[in-house]
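K.L.:
Kindly return the folded structure for what I paste below:
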Amino acid sequence: MPTLSPNPPPFIPTGRYTANNRAIINKVHPGDFLWPQEQELMHHFMCLQNQGFAWNDSQRGRFRKDFFPPIVMPVVEHKPWVLRNMPIPPGIYEDVCKIIKTKIAAGVYERSNSSYRLLPPHTEQIAEQFAGRAC
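P.N.:
Numbers count the residues shown, from 1 in each chain. Predicted coordinates:
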């Protein structure tokens, strides 16, 4: 880690740490939690370490596979009991597709033909199954 001067230079946007990102940090940390000198030192540190911050999914990093190989989990082959896809409400379909495509592009999600899913079913669908039953 670089040595920090107690008197940091004026802010100059560096790499990923732009003036807009600096404004975001200042907005989410309002008040007098840090003194102005401490805030300037923090911004200087963030400029020096700008590659360590991801401001969107395209800037995310991953562990190198030669240092951290993927873990292969042995499983017993079986026939899944759920084969249908979870419906996506039409009102948010485009937003859901955009989020999934962004995550795939960033390497967070991988394409799969698995019958299993990560997302839970909608609360209304679960509640409908119990309609008319005694509690």
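
K.L.:
What's the separation between Q49 and M42?
P.N.:
Relative to M42, Q49 is positioned 11 Å away (CB to CB, to the nearest Å). Placement of C-beta: from N, CA and C, glycine included.

K.L.:
So for this structure, the centremost residue is which one?
P.N.:
D57 (6.8 Å; CA atoms, centre = their mean).

K.L.:
Domains of the chain: list them as residue ranges, please.
P.N.:
Domain ranges of the chain: 1-55, 90-130, per the TED database.

K.L.:
Make TSV out of those domains and add distance to F63, mean pLDDT and mean neighbour count.
P.N.:
Converted to TSV, those look like this (distance: least, CB to CB, whole Å; pLDDT from 0 to 100; neighbours: other CB atoms under 10 Å):
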stretch	distance to F63	mean pLDDT	mean neighbour count
domain 1-55	14	88	12
domain 90-130	11	76	10
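
K.L.:
Figure out which of those is closest to V76.
P.N.:
Minimum separation from V76 across the domains of the chain (CB to CB) falls at domain 90-130, 14.1 Å.

K.L.:
quick one, strands of the protein?
P.N.:
In the chain, no segments count as strands under DSSP state E.

K.L.:
N20 and K103: what is the separation?
P.N.:
Distance, N20 to K103, using CB to CB: 23 Å.

K.L.:
typed the wrong thing, it's D95
P.N.:
D95 is 13 Å from K103, by CB to CB.

K.L.:
And for P89?
P.N.:
P89 sits 19 Å away from K103, going by CB to CB.

K.L.:
Pull the contacting residues for Y93.
P.N.:
By CB atoms under 8 Å, 6 or more residues apart in numbering, the contact list for Y93 is empty.

K.L.:
P87 versus that one, what's the distance?
P.N.:
10 Å.

K.L.:
next one: F67
P.N.:
For F67, the distance to P87 equals 41 Å [CB to CB].

K.L.:
repeat for R111
P.N.:
To P87, R111 is 20 Å away according to CB to CB.

K.L.:
what's the answer for A131, then?
P.N.:
Per CB to CB, A131 is found 18 Å from P87.
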